[in-house]
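Colleague: what follows is a predicted protein model with its sequence.
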Amino acid sequence: MDLSVRIGALTLKNPLIAASGCFGYGVEYADIVDLSSLGGIVVKGLFLNEREGHPAPRIVETPAGMLNAIGLQGIGVRRFVEEKLPELRARRATVLVNVCGTTLDEYVEVSRILSEHEGVAAIELNISCPNIKEGGIQFGCSLNGTYDVVSAVRKVTTLPVIPKLTPNVTDVASFARAAEDAGADAVSLVNTFLAMVIDVETRRPKISNIVGGLSGPAIRPIAVRMVYECRQAVKIPVVGMGGIADARDALEFIIAGAAAVQVGTANFADPCLWPRLLDGISDYLRRHDIRAVSDLVGSLDTRARDKAWIST
Amino acid sequence: MPIDVSAEVMSNHALSADYNVLALAAPAIAEAAAPGQFVMIKASAGVDPLLRRPFSVFEVLRDARGRATGLTIFSKRIGPSTAQIYDARAGQRMACLGPLGRSFTIVEPPAEAWMIAGGVGLAPFATLADSLRARKVKTVLFYGARRAAELFYLDFFRDRDVELVLTTEDGSLGESGRVTAPLERRLASRAASAPVMMYACGPEGMLAATARIAMKYSRPCQVSVERVMGCGLGGCYSCVVPMRGEDGQFHHVRSCLAGPVLSADQIKWD
């Protein structure tokens, strides 16, 4: 059975990737997860310099989900390559780096620095964080901005470039097309949904940033739909995520069109979930007599739609 | 190194209408846990509630031969997860990940240990009291709650030769008012040359007041902070505390990794 998947020039040993912002810099999990067993790890978003992020409280739980506004706290790209990347390499992790910027130049510079170091497998461009005022989302919510940042980064790196798209737009597929036109190797989606929780007793927001990004099983059906739409719109691979907590959830994204999937919030509740997910996918393939997981990608059967009893 | 186990509930002892002590059969975690460390518990399978909750290891349970058989947590019902923990029955299972975080630094005689607890903040002090007693450290517990019925485990501490200084907000037991009042009086009357290590856990206001008092009398103080925590492993960056760094500036530090026990004089208190 072949669990490997290809995302442009990048081959992953399996389709399970730890999502950015949900797995620290990967090294935090080295004691309880075999980092080399994952298809990949997207490390926490990196700017050129260190960032403190928002004050606590930064998260609040919601029905079958959670809201976060961390504010992209991070150690900056230079400290990452010096302090974290060597250990990730030693542990044979496949490292994708989530790249942030407040300006187009910053995206380019961070990507350039990463490209100079051994051990980075791909760049995920964070143009979709809903929680900081400057940067990111200003590119991700504009078709021209998406095109510009992807094409600028494309020029300075030979690494696969994977812009991470926001769901907080009317037509996410048009952003996938803009990314493809600009030379992206793949797109990943969804980032979190902008949302809000209020404590009615105090009339205060539950997190310091007032608004934050919703993730977890609550968003999964919307994310599956968006992955499906993007798959229809572009030829480049789509990396799907949004509320995946078990193998069935991952398979849903793959059938909708995801070449690989990322798992984020569920890892908080169950950091040891990875073998269970992978075994579940293997079992499914065996049960359905499918040789390779890549054969399942985008295999959604919509023929039933043609039946008269559904349309009437 | 933390481990994650599906732990059977050994017993659940309701202390009041909202406090309970839950015993979990997690011997490996219990054996490895040091005073001040915590576990992340998911009281039920499924996605609602979704996340685990952090709890200090309250007691390490041992058999007649001294081997750890499990651990307890000291919980107050404040939301869906703690309601499930309050209602738990022996025999059911809960995911329990630990031990996590940095433990208390334990003093040696002639230093005295003064533990300052508010409400559910009693949680880390049972194991600490045992460790201090093993080192023959004179120990005082300053323990405050709203009312007498919310002061628990007093005999547990008396049995371990811990001196109790109790306060209640309604005056129903001990001194009326906040626990920091007798603490400050006692510090004021103690010779500066007589060493004291303060250990504090409780509501944020109590911790901030305790930290101020510690700084006023130039006493070292370790606080166990509680923050909304997503993972307990350093992955989510939700549980940060502003701490003074080597550069003298304040930086957000993950309390799950750098704490939950932190040096009070390095924290930026609001």
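Modeller: Okay, I see it.

Colleague: for residue 223, give me its contacts.
Modeller: No chain specified, so I'll use chain A. A:167, A:189-190, A:240-243, A:253 (CB atoms under 8 Å, 6 or more residues apart in numbering or on different chains). Placement of C-beta: from N, CA and C, glycine included.

Colleague: oops, I was thinking of chain B
Modeller: If you count contacts by CB under 8 Å, 6+ apart, B:V223 has them with B:199-201, B:207, B:210-211, B:261-264, B:267.

Colleague: tell me the mean pLDDT over the host helix or strand of it?
Modeller: Using DSSP states H and E, B:V223 falls within strand B:221-224. Averaging pLDDT along strand B:221-224 yields 98.

Colleague: beyond it, next helix or strand please.
Modeller: By DSSP H and E, the next helix or strand past strand B:221-224 is strand B:240-244.

Colleague: what mean pLDDT does that next one get?
Modeller: The average pLDDT within strand B:240-244 is 96.

Colleague: which helices and strands sit right next to that strand?
Modeller: On a contact count with 3 or more CB pairs under 8 Å, 6 or more residues apart in numbering or on different chains; DSSP states H and E, strand B:240-244 meets strand B:250-254.

Colleague: what's the burial count for the nearest residue to B:A32 once chain neighbours are set aside?
Modeller: Excluding the flanking residues, the one nearest B:A32 by CB to CB, 6 or more residues apart in numbering or on different chains is B:P99, at 5.3 Å. When neighbours are counted by other CB atoms under 10 Å in any protein chain shown, B:P99 registers 22.

Colleague: so how far is B:Y237 from B:P99?
Modeller: 21 Å (CB to CB, to the nearest Å).

Colleague: hey, where'd the helices end up in the stretch 201-312 of chain A?
Modeller: In the stretch 201-312 of chain A, the helices defined using DSSP state H, counting those that start in this stretch lie at A:220-233, A:247-256, A:265-269, A:274-287, A:308-311.

Colleague: close to chain B, is the second one?
Modeller: No: on the criterion CB under 8 Å from any CB of the partner chain, helix A:247-256 is out of touch with chain B, staying 10.4 Å away.

Colleague: buried ones in that helix?
Modeller: Judged by neighbour count (16 or more other CB atoms under 10 Å in any protein chain shown), helix A:247-256 contains these buried residues: A:247, A:249-256.

Colleague: now swap in the first one and tell me
Modeller: Residues of helix A:220-233 classed as buried: A:220, A:223-224, A:226-231, A:233 (neighbour count, 16+ other CB under 10 Å).

Colleague: burial count for the residue nearest to A:F80 when sequence neighbours are not counted?
Modeller: In space, and not counting its chain neighbours, A:F80 is closest to A:L46: 5.5 Å by CB to CB, 6+ apart. By other CB under 10 Å, 29 other residues sit near A:L46.

Colleague: what residues are up against A:L46?
Modeller: By CB under 8 Å, 6+ apart, the contact set of A:L46 is A:74-77, A:80, A:97-100, A:110.

Colleague: rewinding a little: so which of the contacts of B:V223 belong to strands?
Modeller: Mapping these onto strands (DSSP state E) picks out B:199-201, B:261-263.

Colleague: show me which of those is closest to chain A.
Modeller: Minimum distance to chain A across the ones in strands among the contacts of B:V223 is 13.4 Å, recorded for B:L262 (CB to the nearest CB).

Colleague: the closest one reaches B:C239, doesn't it?
Modeller: No: under the criterion of CB atoms under 8 Å, B:L262 is not in contact with B:C239, lying 11.4 Å apart.

Colleague: before we move on, the earlier item: distance check, the residue nearest to A:F80 against chain B.
Modeller: Using CB to the nearest CB, to the nearest Å, we find A:L46 at a distance of 13 Å from chain B.

Colleague: same check, this time on A:T265
Modeller: 7 Å.

Colleague: burial measure for the residue in the stretch 201-312 of chain A that chain B sits nearest to, as a count.
Modeller: Residue of the stretch 201-312 of chain A nearest chain B, by CB to the nearest CB: A:F268 (4.1 Å). Neighbourhood size, A:F268 [other CB under 10 Å]: 25.

Colleague: show the contacting residues for it.
Modeller: Taking CB under 8 Å, 6+ apart as the test, what A:F268 contacts is A:22, A:66, B:51-52, B:230-231, B:235-236.

Colleague: about what we covered before: got a quick ChimeraX command for the buried subset of the contacts of A:A223?
Modeller: Restricted to buried positions by 16+ other CB under 10 Å, the ChimeraX selection for the contacts of A:A223 reads:
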select /A:167,189,190,240,241,242,243,253
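
Colleague: so can I have TSV of the contacts of A:A223 showing distance to A:V60?
Modeller: Below are these laid out as TSV (distance: CB to CB, whole Å):
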residue	distance to A:V60
A:P167	19
A:L189	23
A:V190	20
A:G240	25
A:M241	21
A:G242	18
A:G243	17
A:F253	26
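
Colleague: which of the contacts of A:A223 sit farthest apart?
Modeller: A:P167 and A:F253 (13.8 Å; CB to CB).

Colleague: now the common contact residues for those two.
Modeller: Any residue near both A:P167 and A:F253 by CB under 8 Å, 6+ apart counts here, and that gives A:223, A:242.

Colleague: who in chain A is up against chain B?
Modeller: Close to chain B, as judged by CB under 8 Å from any CB, chain A has residues A:21-24, A:28-29, A:31-32, A:44, A:52-53, A:55-61, A:63-66, A:68, A:70, A:73, A:216-217, A:245, A:265, A:267-272.

Colleague: around chain A, pick out the residues from chain B.
Modeller: So far as CB under 8 Å from any CB goes, chain B lies against chain A at B:1-4, B:42, B:47-52, B:95, B:97, B:227-228, B:230-231, B:233-242, B:251-252, B:257.

Colleague: my understanding was that A:A122 contacts A:I162; is that so?
Modeller: Yes: assessed by CB under 8 Å, A:A122 is found in contact with A:I162 at 5.9 Å.

Colleague: tell me, what's touching those two both at once?
Modeller: A:7, A:96, A:185.
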